[in-house]
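Q: sequence? don't have it. structure:
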């Protein structure tokens with residue numbers, strides 16, 4: 001028989017060591033946070049440090065918390081063992097009495113040949129077997145008893161005389177297992193109908209439109225240019241509020257009023273595209289506006305093939321994942337541009353909280 005000796009002092013020492021280790025982990029996380037804060041933002045962004053550090057910091061805090069929880073648990077158990085040892089035989093007798101009741105109920109059914117003897121005789125024999133097994137290791141009671149019950153039962157069986165009026169139980173006949181009844185195939189649950197989009201002007205179901213706040217947001221970001229200029233891709237000529245001059249168009253100078261009307265026409269094209277891409281889901285006005293600005297700045301093709309649109313349609317992505325989907329589109333000709341990153345963050349805040357301000361303009 002294997003006996004386990006549990007010393008409360010050892011548990012307390014291990015508890016203290018786990019507590020110190022948790023403190024070391026928290027101190028290391030704090031020092032690394034200070035080092036990261038001292039780095040320039042663009043260095044961290046280009047190296048992709050921020051997202052990795054957030055994940056590592058979360059893991060470090062979780063490890064520290066679990067170490068502290070384990071330390072408190074071990075300390076509580078050690079004190080409980082000390083209390084049990086101080087109670088001596090009186091406290092142990094209560095524990096043994098409880099297990100005697102449990103063991104007696106356990107053996108009465110499978111060992112039918114002893115159920116005709118007085119309960120007192122069975123209790124005395126069980127108590128004798130339990131005391132013999134536990135007297136040397138009182139602090140291991142809770143851990144050792146479940147594994148010792150079968151051995152104790154087998155050890156007291158020879159001490160019980162067989163009653164002449166009761167025959168040993170015969171092994172039950174083995175019946176072939178019955179096959180479970182075949183269940184008819186169930187129909188998959190029907191998906192709830194998707195609510196159609198709501199028009200911002202009429203409040204009735206129908207195709208959504210861009211809000212006036214979105215027009216102002218785009219105009220603010222694109223900035224006004226009365227004459228044509230080359231865009232960030234150095235391939236297209238642009239005028240007004242980011243209007244790409246198409247073949248056959250002849251715009252050499254625009255007023256701000258003309259540029260704003262041209263901007264509204266440009267936005268209508270992307271409104272139609274976003275309505276087509278999101279026809280099977282329901283969006284709020286701020287969410288719809290955020291996707292229209294994304295398509296206006298990156299192109300409807302980029303939105304159609306983006307992980308952002310896929311995650312939105314999936315309906316299970318977290319806020320952190322959707323924010324990362326927006327931030328993934330901040331490159332031009334293979335280079336990360338700070339202006340594009342700022343616009344993606346502002347689009348995310350428009351999507352999340354309806355904030356149409358350029359909060360990252362000066363960052």
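A: Here it is on my side, so go on. Note that the structure is predicted; figures quoted are calculated from it, not measured. Residues are numbered from 1 along each chain as shown.

Q: State the mean pLDDT of stretch 80-92.
A: Mean pLDDT, computed over stretch 80-92, is 66.

Q: cool, and stretch 285-298?
A: Stretch 285-298 comes out at a mean pLDDT of 94.

Q: What of stretch 346-362?
A: 85.

Q: Can you give me the pLDDT of residue 341?
A: 92.

Q: just checking, it touches residue 327?
A: Yes. With contact defined as C-beta atoms under 8 Å, residue 341 reaches residue 327; the gap is 6.6 Å. Just so you know, the C-beta spots here come from the backbone N, C-alpha and C atoms, and that holds for glycine as well.

Q: which of the residues in stretch 51-63 are buried?
A: Buried positions in stretch 51-63, judged by neighbour count with 16 or more other C-beta atoms under 10 Å: 53, 60.

Q: so how many other residues sit close to the spatially closest residue to residue 270 that is not a sequence neighbour?
A: Leaving out its chain neighbours, the residue that sits closest to residue 270 by C-beta to C-beta, 6 or more residues apart in numbering is residue 295, at 4.5 Å. Per other C-beta atoms under 10 Å, the neighbour tally for residue 295 reads 23.

Q: contacts for the helix or strand harbouring residue 295?
A: Using DSSP states H and E, residue 295 sits in helix 285-298. Here helix 285-298 makes contact (C-beta atoms under 8 Å, 6 or more residues apart in numbering) with 197, 200, 208, 210-211, 213-214, 217-218, 221, 242, 266-267, 270-271, 273-274, 277-278, 283, 302-303, 308-309, 312, 326, 329, 340, 343-344, 347-348, 350-351, 353-354, 356.

Q: elements contacting the very next helix or strand once past it?
A: Using DSSP H and E, the next helix or strand after helix 285-298 towards the C-terminus is helix 300-305. Secondary-structure packing of helix 300-305 (3 or more C-beta pairs under 8 Å, 6 or more residues apart in numbering; DSSP states H and E): helix 256-277, helix 285-298.

Q: Please name the spatially closest residue to residue 29 (chain neighbours excluded).
A: residue 60 (4.4 Å).

Q: rewinding a little: could you dump the helices and strands packed on helix 300-305 into CSV and include distance to residue 188?
A: Shown next, in CSV, are these (distance: least, C-beta to C-beta, whole Å):
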stretch, distance to residue 188
helix 256-277, 26
helix 285-298, 29
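
Q: quick one: which of the ones you listed is nearest residue 12?
A: Nearest of the helices and strands packed on helix 300-305 to residue 12, taken as C-beta to C-beta: helix 285-298 at 55.4 Å.

Q: which of the residues in that closest one are buried?
A: For helix 285-298, using 16+ other C-beta under 10 Å, the buried residues are 285-298.

Q: Please convert the residues you listed to TSV, extending it with distance to residue 51.
A: TSV is the format used below for these (distance: C-beta to C-beta, whole Å):
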residue	distance to residue 51
285	30
286	25
287	23
288	28
289	26
290	21
291	23
292	27
293	23
294	20
295	25
296	27
297	22
298	21
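
Q: Number of residues surrounding residue 11?
A: 21.

Q: Correct me if wrong, but it is in a helix.
A: Yes. Under DSSP: H, G, I helix; E, B strand; the rest coil, residue 11 falls within a helix.
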